[in-house]
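*Asks:* the sequence and its predicted three-dimensional model are supplied below.
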Amino acid sequence: MKTILLSTAALALTAGFALADTVRMGTEGAYPPYNFINDAGEVDGFERELGDELCKRAELTCEWVTNEWDSIIPNLVSGNYDTIIAGMSITDERDEVIDFTQNYIPPEESLYVALTDDVDIMGVIASQTSTIQSSYVAESGATLLEFATPDEMVAAVRNGEADAAFFQGAYLKPIVEESSDLTFVGDPIALGGGVGMGLRESDGELREKFDAAITSMKEDGTLNTLLTKWFGEKQKTF
């Protein structure tokens, strides 16, 4: 991840955003309830509702675009869109290449999920590529099996390709609750500094606008309402 990120850092010096233009909001569109494509073919989910409200409060005209996760930072840096709002955890490594707003989701627990509760979490563990969860697995001594999307990661557990999967709890919990074959194993692990919007380091004015909008949503309780709506009553709030 670090090599890929640092190789794109120089592009940030030439890519910029003019505040008079439309802000292109980049997301993955494959990560419910954070973001997904609905039956009408439109970006939907917590981050769509959040992003629209942030743009309204910042008095910005915004449009949504989708990008695959494994190239989402390089394509931000090269100017294909102006923000990343895609369930991205704030980490020191990513902060070397892009800038972040304050978090709009508090730091949350990552969880292991498997077919049985006696699985060895130091075995073959599936996770999504270029995430803090996959980095954690790689450093833990387990055998990391990476996938482009989180649904492929869960499928790998179900088909026996992986002993367990390790990912964000907010994504895994509804899947486990709705299934009869999956269960949580091991202890929850807190990773990262919460989820924030990613922007090019050259776009400080735009970051300040979104920071102010996030602050206003925290102060009036609107952000907590959205978090509970999309992630349930047990979701950590501000």
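*Replies:* That came through fine.
*Asks:* what sits against the residue of the chain positioned farthest from its centre?
*Replies:* Most distant residue from the mean C-alpha position of the chain: residue 118, 29.1 Å away (C-alpha atoms, centre = their mean). Residues near residue 118 by C-beta atoms under 8 Å, 6 or more residues apart in numbering: residue 185. (Each C-beta comes from the backbone N, C-alpha and C, glycine too.)
*Asks:* mind checking how far it is from residue 132?
*Replies:* 27 Å (C-beta to C-beta, to the nearest Å).
*Asks:* and residue 138, by the same measure?
*Replies:* Taken as C-beta to C-beta, the span from residue 138 to residue 132 is 11 Å.
*Asks:* ok, these two, which is more surrounded?
*Replies:* residue 132 (23 against 15; other C-beta atoms under 10 Å).
*Asks:* residue contacts, that one?
*Replies:* Taking C-beta under 8 Å, 6+ apart as the definition, contacts of residue 132 comprise 89, 91, 110, 191, 192.
*Asks:* quickly find the element holding residue 100.
*Replies:* Here residue 100, judged by DSSP states H and E, is contained in strand 99-105.
*Asks:* which of the contacts of residue 132 are buried?
*Replies:* 89, 91, 110, 191, 192 (16 or more other C-beta atoms under 10 Å).
*Asks:* avg pLDDT for the longest helix along the chain?
*Replies:* If you go by DSSP state H, the chain has its longest helix at helix 204-219. Averaged over helix 204-219, pLDDT sits at 98.
*Asks:* equivalent analysis for stretch 61-70, please.
*Replies:* What stretch 61-70 shows for mean pLDDT is 97.
*Asks:* domains of the protein?
*Replies:* 2-107+193-231, 109-190 (automatic domain parsing).
*Asks:* could you find the closest non-adjacent residue to the spatially most central residue of the chain?
*Replies:* Closest residue to the average C-alpha location of the chain: residue 87 at 1.8 Å, with C-alpha atoms, centre = their mean. Distances taken as C-beta to C-beta, 6 or more residues apart in numbering put residue 34 closest to residue 87, at 3.9 Å, once the chain neighbours are dropped.
*Asks:* what do you get for residue 126?
*Replies:* residue 162 (3.8 Å).
*Asks:* show me the helices in this protein, by range?
*Replies:* Using DSSP H, helices in the chain cover 2-7, 46-57, 72-77, 92-95, 132-140, 150-158, 169-177, 204-219, 222-231.
*Asks:* redo those helices as CSV? Include distance to residue 25.
*Replies:* Output for the helices of the chain, formatted as CSV (distance: least, C-beta to C-beta, whole Å):
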stretch, distance to residue 25
helix 2-7, 21
helix 46-57, 5
helix 72-77, 11
helix 92-95, 18
helix 132-140, 22
helix 150-158, 20
helix 169-177, 20
helix 204-219, 10
helix 222-231, 16
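*Asks:* of all these, which one is nearest residue 66?
*Replies:* Nearest to residue 66, of all the helices of the chain, is helix 72-77, at 9.5 Å by C-beta to C-beta.
*Asks:* and the closest one, what does it pack against?
*Replies:* Where contact means 3 or more C-beta pairs under 8 Å, 6 or more residues apart in numbering; DSSP states H and E, helix 72-77 is packed against helix 2-7, strand 23-27, strand 83-84, strand 195-199.
*Asks:* residues in contact with the second one: which ones?
*Replies:* With contact meaning C-beta under 8 Å, 6+ apart, strand 23-27 is reached by 17, 35, 43, 47-48, 51, 55, 60-67, 72, 75-76, 80-86, 206.
*Asks:* the shortest one too?
*Replies:* If you take C-beta under 8 Å, 6+ apart as the criterion, strand 83-84 is touched by 23-27, 51, 72-73, 76, 98, 197-199, 206, 210.
*Asks:* most neighbours of all these, which one?
*Replies:* Going by other C-beta under 10 Å, residue 197 tops the contacts of strand 83-84 with 30 neighbours.
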